[in-house]
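Based on what follows, work out the 3D shape:
(one chain, ligands or ions: 1)
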Amino acid sequence: MGDFYERIVDVEVTGEEAGPLAERMVDWMVGEGLITREMSGEGVYSLDVDEGYVPGPNWKQAVADASDPSWLPGPVAILVGRDYHVGGQGSDEAEYAVCPRCRARTVIINYPEEFEPDEEVWQPFRDGIATWKKTGEGNAPCAACGACVPVTEWQWDGNFAVGALAFDFWGWPPFSVGFYERFSRQLGHRTAEHMGKF
Ligand SMILES: [Zn+2]
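Residues are numbered from 1 along each chain as shown. I've put the predicted structure just below:
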């Protein structure tokens with residue numbers, strides 16, 4: 001039903017651990033009956049992944065409200081590899097970043113006056129993320145306290161996340177809060193959640 005997704009991003013796993021963790025998560029989701037091992041590309045619009053796992057018999061256990069019998073979810077695509085992820089309207093820049101050391105907020109897109117990033121402010125973040133994608137380590141300096149903070153530790157606005165493992169649930173009804181918690185516990189890591197449209 002529709003070409004939108006709910007995404008869960010693991011914001012802590014390393015690029016090296018992401019593949020094995022993805023396999024363990026598939027085993028867990030299959031065991032729970034949330035997905036099957038059957039793959040399908042129908043309704044999957046993830047950037048670098050063409051196919052996802054078809055929902056299993058217990059998919060309703062993940063969602064807040066399964067009362068609409070015509071709403072059947074689509075496949076779950078798994079994105080493995082260091083990358084940044086955007087939700088909502090899919091801007092390629094974060095709106096802001098909060099320094100984990102001094103809590104200062106660096107505004108990158110000055111909504112609602114501006115709809116484009118301040119390139120001068122964004123550039124160090126963009127460079128840090130690009131370096132992290134290539135090497136697994138990348139930093140951006142905090143303008144307030146001067147700390148050199150890894151891009152995986154900056155706290156981004158709710159529509160931007162940096163991580164090496166993401167799960168795109170295509171066309172699923174909204175998840176229950178409990179499901180996010182179970183999923184995060186299963187990953188053993190902090191997560192970010194996005195909703196977006198293709
Ligand atoms: Zn700082």
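
all strands of the chain, in order?
Using DSSP state E, the strands of the chain run over 4-10, 35-40, 52-55, 76-86, 96-98, 105-107, 139-141, 148-150, 155-156, 160-170, 191-197.

Direction included, what does the shortest one pair against?
Put plainly, it is strand 155-156. Its sheet considered, strand 155-156 pairs with strand 96-98 (antiparallel) by DSSP bridges.

how much space between W71 and A64?
Applying Cβ to Cβ, to the nearest Å, the value for W71 to A64 is 12 Å. Using the backbone N, CA and C atoms, a C-beta is placed for each residue, glycine as well.

Please disregard the earlier target; I meant D168.
Distance from D168 to A64, counting by Cβ to Cβ: 18 Å.

Which residues of the chain lie near the ion?
Residues of the chain lying close to the ion (Cβ under 5 Å from the ion) are 99, 101-102, 104, 142, 144-145, 147.

Please identify the most buried of the strands of the chain.
Each of these was scored by mean neighbour count; the highest is strand 160-170, a mean of 25, by mean count of other Cβ atoms under 10 Å.

returning to what we had before: out of the strands of the chain, flag the one nearest M29.
strand 35-40 (4.6 Å; Cβ to Cβ).

what helices or strands is the closest one leaning on?
helix 15-32, strand 52-55 (3 or more Cβ pairs under 8 Å, 6 or more residues apart in numbering; DSSP states H and E).

again, only using 6 Å
Counting contacts by 3 or more Cβ pairs under 6 Å, 6 or more residues apart in numbering; DSSP states H and E, strand 35-40 packs against strand 52-55.

now for the strand it packs on, which elements pack on it?
Judged by 3+ Cβ pairs under 6 Å, 6+ apart, strand 52-55 is in contact with strand 35-40, strand 76-86.

Switch these over to a markdown table; also include mean pLDDT.
Formatted as a markdown table, the helices and strands packed on strand 52-55 follow (pLDDT from 0 to 100):
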| stretch | mean pLDDT |
| --- | --- |
| strand 35-40 | 98 |
| strand 76-86 | 96 |
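
mind giving me CSV with those strands and columns for distance to V151?
CSV is the format used below for the helices and strands packed on strand 52-55 (distance: least, Cβ to Cβ, whole Å):
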stretch, distance to V151
strand 35-40, 30
strand 76-86, 8
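
quick one: which of the ones you listed is nearest E12?
Closest to E12 of the helices and strands packed on strand 52-55, according to Cβ to Cβ: strand 76-86, at 12.2 Å.

Spatially nearest residue to R7 (excluding sequence neighbours)?
H194 (4.3 Å; Cβ to Cβ, 6 or more residues apart in numbering).

Test for you: state the pLDDT assigned to that neighbour.
H194 carries a pLDDT score of 92 in this model.

what's the answer for M1, then?
Reading off the model, M1 has pLDDT 49.

go on, the one 10 residues further on?
According to the prediction, V11 has pLDDT 96.

Same question for S91.
Predicted confidence (pLDDT) for S91: 74.

Distance check, it against E32.
34 Å.

same deal with K60?
Taking Cβ to Cβ, one finds K60 at 11 Å from E32.

re earlier: check the residues of the chain next to the ion and tell me the two furthest apart.
Across the residues of the chain next to the ion, no pair lies farther apart than A104 and A147, at 9.9 Å, counting by Cβ to Cβ.
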